[in-house]
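1. below: sequence and its predicted model.
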2 protein chains.
Amino acid sequence: MSRAYRKFDSRTKGVGGDWLAQTTFEEISAADFFYRNRDIAGFTNPSRAIFAAIRELVENSLDAAESLKIPPDIYVRLSYEGEASSETQIYKLRVEDNGIGIQPRHIPSAFGQVLFGSKYKRKQQRGTFGLGGKMAILYGQITTHQPATVTSSTGTAKIYSYRLMIDIQKNRPLIVDRKVLINKEQWRGTLVEFTLEGDYLRAMPKILDYFKQTAMVNPYANLTFVDPKGRLYRFTRVTKEMPTPPKETLPHPYGVDVELLQRLIQVTPYNNMLEFLRNHFHRVGEITASKFLEFSSLSPSKNPKRLSHEEIVRLMHMLKKFKDFLPPDASCLSPLGEELLKAGIVKELKPEFVVVHQRKPATYAGHPFIVEAGIAYGGEIPKRDSFLIYRFANRIPLLYDEASDVSVKVITAMNWRRYRVSPDMPIAILVHICSTKVPYKTVGKEFIADRLEVRREIANALREVARRIQHFMSKREHVDRERKRLGVFSKYLPKIAQFSMQLAGKKKLPDIEKLLVSVKKYGAEET
Amino acid sequence: MSRAYRKFDSRTKGVGGDWLAQTTFEEISAADFFYRNRDIAGFTNPSRAIFAAIRELVENSLDAAESLKIPPDIYVRLSYEGEASSETQIYKLRVEDNGIGIQPRHIPSAFGQVLFGSKYKRKQQRGTFGLGGKMAILYGQITTHQPATVTSSTGTAKIYSYRLMIDIQKNRPLIVDRKVLINKEQWRGTLVEFTLEGDYLRAMPKILDYFKQTAMVNPYANLTFVDPKGRLYRFTRVTKEMPTPPKETLPHPYGVDVELLQRLIQVTPYNNMLEFLRNHFHRVGEITASKFLEFSSLSPSKNPKRLSHEEIVRLMHMLKKFKDFLPPDASCLSPLGEELLKAGIVKELKPEFVVVHQRKPATYAGHPFIVEAGIAYGGEIPKRDSFLIYRFANRIPLLYDEASDVSVKVITAMNWRRYRVSPDMPIAILVHICSTKVPYKTVGKEFIADRLEVRREIANALREVARRIQHFMSKREHVDRERKRLGVFSKYLPKIAQFSMQLAGKKKLPDIEKLLVSVKKYGAEET
């Protein structure tokens, strides 16, 4: 306090008068960092902020329900509270789910402390930074200075309700009020309510798009959104079939770095390399571990805690060089699946033709991932100057900053002409990446970084669907040509027949059907 | 430790076997956050990582020299140390400057602790996150596990040299070794040296571009780069004239939020609103403060520390609504200036014609900023399918993720046809934004967020230069047309004269010069 006081005091004598003297250093909290740099978390302007707040809370809710394998029921209400400025309004946002709930002792930190959370796991989930919910509440606080209310129950006899704010400088929750209620109806879930400044009118199209696309890839979820005008948007589940919840997984040996090796060595209960490898790495069994140790001339009985710095660095490089590790297991990932992907596209876009493809699991920096892609053509897809692109990551739609996304880069770089496809055709391209860790480029999860391995998988998936589209296109071209050719025959043959009949003075037209069939190359009805 | 141990122990009984039981929460350090999410700091792949490491350290060095108003002398050497994988190598990076130096007690944290730094100031500087240098060292550490060496002196009798690593989980520096040397030659500056894995061959074009463009907007700096092949790139200063170092400034009333007001109230030594406003806000003097207090019906003698929550929120809204605050003072900003901007463009691009424009200072979220723009046409600018775009922020070139940048969005959205300009013309567009806080979208400072106020200023600056380019273009068109018209006259008039002479049987050609002059509308030599 006294330091800060002095800082301001010196300023009153002349703004920045002492800048030449020496560099002053200070430490800021993680909450303070994101408060100062909210752009990197997606809270750039009043319109983005309201979009980001809704999506962050909806994604937390989806994760919370899925982790229990319960079909999510999510209720979102945004209500108008008053004017803030000429361009912005104050809104109250309320998001309620039927998810796993939060243990009462964790509620304050889970919503009032940045970099505290349940998302720091090697597991496919929507949230990854443990930041979104807090940023929403932090943004609400700095624009309206009202506490947020978080009510939750894990289905026990009690419901806990906290009113809290964030001490941004200390990065700690401030509990304003706490209530314990009797849980008569065995409610389980979480309800978050807070006020924030925003611009709903400008955000509206993106928000509705977000719900629509989220419903498309989460067909087992009920989503309800009530907007400030009281309009109700309902996205009802079409199935109660839930995907298998993704499991937490061990790191894959191809992706470890020195820091991770050190952390594992620090905590391992095993005192020999064989057990160490077998127990801390994904898909490394006894045989693979033995082979690897031979390959890297390490004794199986060596104690990992005795490895020197140099040996750890060498171990990392050897792990990357060894060719016989099994690829990561898909069981820790929960892709959409070709069927669901196709169904989603057909339902949403009503195309004439659709192809989808799911790649085998791959890995980048030790994180397994799967790319799924689809191309749809014609039907109700509009003609535009460019392809219609849908991007998804771990079942969430990505709607902003498309141009920098790795998928878009791959799509732009591809030679589509080779596949008889051009951007002015009515074509939609969909890419879904699921991973235990999606390499987002921004904390706001707007787009995916250009990681080599990811780019390669996307390109391969797109080439596969492009080849199939090409097959469809060339078949269609043939069929078109044939239809035209047959059209010519069927137009003139009857006339020639008529003419020949008259010329020959016959009364009966010759049968031209046989002739027509004989010139037919393909079944034109095959389309 | 025992908690982490238990976590791994439970896994050995069956991977993720207890995931259903309950959600586990954990807290991670800021260093751990950026270690896990290095994509958001620009360290996405081995090529980007090496680019990011160089630029972060160069920018720290430029800031360090400029804050003393010393023409920067920066020496960068990247040397090959060995193979890492089939696609990457180990390099040693060494960056030395003649800047202000770091006090010995701050060296370990300044390079070994994330969110500790000298950059958290309301001041125009290249670094803003206090993160870049540490990320570079952290990246080196996790790929090569070698300590970094930081040697520095503030020009005193001693030079301090630390070998250090980062304890990522605790976010604290680990000092491996510390030396104190006698500073015989009164050296002042900082030298950072560490090893990292990277892909220089792929990064090379961007790195060279980076140095070239940095030299273009920092013409008072000497930059030397020695690449792994031993090739020397020198960018020599063309002037010793330094821009006035930017000063630290107070927040502008239009951009405060509730959090900032609270922080000011907490530390203020003033016990009445009049003094509070006068002393803590940019360009608020006694008269403006009094007018504002009247406007918002607040008593000048009210103690700011006695403001209720509701009153603070109201104060924030009133500050935004009051129309009579002066615009931010440009003195805290250090734009390039039209002359330097023009000189830079001419030197770099050698165009036929160039127009530049500097906007008046504006503000977003309380941060003053200035937009400068330039358009260059013809000369050595290549013809392409699209405009050549140069982006700068606080005198640093932005080279990645162009497509998502606000400037590019504005350029794309503009109706260039109106200005007789089209993307297939040889045209380069340059935008420079300088601010006490550039709203970067990523921690890697790749591109600028789409803030409404920033977008508006960029659009206005571009419209201004576009109008002037239009004037030039239409004048050029006129001149062209005129030249053609005159060409026709001067081609046929002599023939007509000749023919008339022969027809009339005269010996002497009539003087057609007068005629030619009389049909001349503009001076064609005016170009």
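-> That came in fine, so what should we check first? Since this is a predicted model, take the numbers as computed values, not measurements.

2. from chain B, how far off is residue A:302?
-> Using Cβ to the nearest Cβ, to the nearest Å, residue A:302 is found at 18 Å from chain B. Any C-beta I mention is one placed from the backbone N, CA and C, and that applies to glycine too.

3. ok, now which ones touch residue A:416?
-> Counting by Cβ atoms under 8 Å, 6 or more residues apart in numbering or on different chains, residue A:416 makes contact with A:422, A:423, A:466.

4. quick one: neighbours of the residue of chain A found nearest chain B, just the number.
-> Residue nearest to chain B within chain A (Cβ to the nearest Cβ): residue A:403, separated by 3.2 Å. For residue A:403, the count of nearby residues is 18 (other Cβ atoms under 10 Å in any protein chain shown).

5. follow-up on the earlier one: who wins for neighbours among the contacts of residue A:416?
-> Neighbour max across the contacts of residue A:416 (other Cβ under 10 Å) = residue A:466, 25 neighbours.

6. any idea whether residue A:24 is helix, strand or coil?
-> What DSSP: H, G, I helix; E, B strand; the rest coil gives for residue A:24 is coil.

7. for it, give me its contacts.
-> Here residue A:24 is in contact with residue B:118 (Cβ under 8 Å, 6+ apart).

8. now it: how far from residue B:333?
-> Distance, residue A:24 to residue B:333, using Cβ to Cβ, to the nearest Å: 21 Å.

9. now do the helices in chain A.
-> A:2-12, A:30-36, A:46-66, A:107-112, A:132-144, A:200-217, A:258-267, A:273-280, A:286-295, A:309-321, A:338-349, A:406-413, A:452-504, A:513-519 (DSSP state H).

10. include mean pLDDT and distance to residue B:390 when you put those into JSON lines, please.
-> Shown next, in JSON lines, are those (pLDDT from 0 to 100; distance: least, Cβ to Cβ, whole Å):
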{"stretch": "helix A:2-12", "mean pLDDT": "35", "distance to residue B:390": "36"}
{"stretch": "helix A:30-36", "mean pLDDT": "87", "distance to residue B:390": "28"}
{"stretch": "helix A:46-66", "mean pLDDT": "93", "distance to residue B:390": "26"}
{"stretch": "helix A:107-112", "mean pLDDT": "92", "distance to residue B:390": "43"}
{"stretch": "helix A:132-144", "mean pLDDT": "92", "distance to residue B:390": "33"}
{"stretch": "helix A:200-217", "mean pLDDT": "92", "distance to residue B:390": "30"}
{"stretch": "helix A:258-267", "mean pLDDT": "91", "distance to residue B:390": "37"}
{"stretch": "helix A:273-280", "mean pLDDT": "95", "distance to residue B:390": "49"}
{"stretch": "helix A:286-295", "mean pLDDT": "96", "distance to residue B:390": "50"}
{"stretch": "helix A:309-321", "mean pLDDT": "89", "distance to residue B:390": "38"}
{"stretch": "helix A:338-349", "mean pLDDT": "83", "distance to residue B:390": "39"}
{"stretch": "helix A:406-413", "mean pLDDT": "93", "distance to residue B:390": "21"}
{"stretch": "helix A:452-504", "mean pLDDT": "87", "distance to residue B:390": "26"}
{"stretch": "helix A:513-519", "mean pLDDT": "76", "distance to residue B:390": "62"}
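
11. do you know which of those lies nearest residue A:80?
-> helix A:200-217 (8.0 Å; Cβ to Cβ).

12. what residues of the closest one count as buried?
-> By neighbour count on 16 or more other Cβ atoms under 10 Å in any protein chain shown, the buried set for helix A:200-217 is A:200, A:202-204, A:206-207, A:210-211, A:213-217.

13. now, which of the residues you listed sits nearest residue B:322?
-> The closest of these, once distances to residue B:322 are taken by Cβ to Cβ, is residue A:202, at 24.6 Å.

14. the closest one against residue A:47, yeah?
-> Yes - counting by Cβ atoms under 8 Å, residue A:202 touches residue A:47, with 3.9 Å between them.

15. my guess is residue A:255 contacts residue A:367, does it?
-> Yes - applying Cβ under 8 Å as the test, residue A:255 and residue A:367 come out as touching, 6.1 Å apart.

16. between these two, which one's more packed in?
-> Neighbours of residue A:255 and residue A:367, each counted by other Cβ under 10 Å, are more numerous for residue A:367; the result is 26 against 20.

17. what is the neighbour count of the nearest residue to the more buried one once chain neighbours are set aside?
-> Computed as Cβ to Cβ, 6 or more residues apart in numbering or on different chains, the closest residue to residue A:367 that is not its neighbour in sequence is residue A:437, at 4.2 Å. Residue A:437: 22 surrounding residues under other Cβ under 10 Å.

18. before we move on, what about residue A:101?
-> Neighbours of residue A:101 (other Cβ under 10 Å): 24.

19. so it is in contact with residue A:151, correct?
-> No - the pair residue A:101 / residue A:151 is not scored as a contact, 9.8 Å apart, by Cβ under 8 Å.

20. around chain B, which positions in the stretch 51-200 of chain A sit nearby?
-> Proximity of the stretch 51-200 of chain A to chain B (Cβ under 8 Å from any Cβ of the partner chain) is limited to residues A:67-68, A:84-85, A:100, A:102-103, A:106, A:109-110, A:113, A:115-118, A:120, A:123, A:128-130, A:141-145, A:154, A:168-169.

21. mark which of the residues you listed are buried, thanks.
-> Buried subset of these (neighbour count, 16+ other Cβ under 10 Å): A:67-68, A:84, A:100, A:102-103, A:106, A:109-110, A:113, A:115-118, A:120, A:123, A:128-130, A:141-145, A:154, A:168-169.

22. among those residues, which are in strands?
-> Among those, the members falling in strands (DSSP state E) are A:116, A:117, A:154.

23. wait, what's in contact with residue A:124?
-> Contacts of residue A:124 by Cβ under 8 Å, 6+ apart are A:246, A:332, A:333, A:334, A:394, A:434, A:435, A:436.

24. how's chain A carved up into domains?
-> A:33-235, A:253-321, A:330-467, A:473-526 (automatic domain parsing).

25. distance between the last one and the chain's centre?
-> Between the centre of domain A:473-526 and the centre of its chain there are 53 Å (Cα atoms, centre = their mean, to the nearest Å).

26. now the residue nearest to the spatial centre of chain A, which residues is it bridged with?
-> Per Cα atoms, centre = their mean, the C-alpha nearest to the average position across chain A is that of residue A:393, at 2.2 Å. Per DSSP bridges, the residues bridged to residue A:393 are residue A:396, residue A:433.

27. what do you get for residue A:369?
-> Bridge pairing for residue A:369 - DSSP bridges - gives residue A:362, residue A:435.

28. give me the neighbour count for it.
-> Using other Cβ under 10 Å, the number of residues around residue A:369 comes to 26.

29. pretty sure it is touching residue A:432, no?
-> No - using Cβ under 8 Å, residue A:369 makes no contact with residue A:432, being 10.5 Å away.

30. ok, residue A:312 touching residue A:258?
-> Yes - here residue A:312 reaches residue A:258: they are 5.9 Å apart, a contact under Cβ under 8 Å.

31. more neighbours: which of the two?
-> residue A:258 (19 against 16).

32. what does the residue lying closest to the more buried one once chain neighbours are set aside show for phi and psi?
-> Closest residue to residue A:258 apart from its sequence neighbours, by Cβ to Cβ, 6+ apart: residue B:145 at 4.1 Å. With angles defined as degrees, to the nearest 10, residue B:145 shows backbone torsions of phi 60, psi 40.

33. thinking again about what came up before, distance-wise, check the residue of chain A closest to chain B relative to residue A:386.
-> Using Cβ to Cβ, we find residue A:403 at a distance of 11 Å from residue A:386.

34. next: residue A:46.
-> The spacing between residue A:46 and residue A:386, counted by Cβ to Cβ, is 29 Å.

35. so which of the two has more stuff around it?
-> Counted by other Cβ under 10 Å, residue A:46 and residue A:386 do not tie: residue A:46 has more neighbours, with 23 against 11.

36. who are the contact partners of that one?
-> So residue A:46 contacts A:87, A:88, A:197, A:198, A:199, A:202 (Cβ under 8 Å, 6+ apart).

37. need the contact list for the nearest residue to the third one once chain neighbours are set aside.
-> By that I understand residue A:197. Spatial nearest neighbour of residue A:197, chain neighbours left out: residue A:143 (3.6 Å); criterion: Cβ to Cβ, 6+ apart. By Cβ under 8 Å, 6+ apart, the residues touching residue A:143 are A:84, A:90, A:196, A:197, B:257, B:258.
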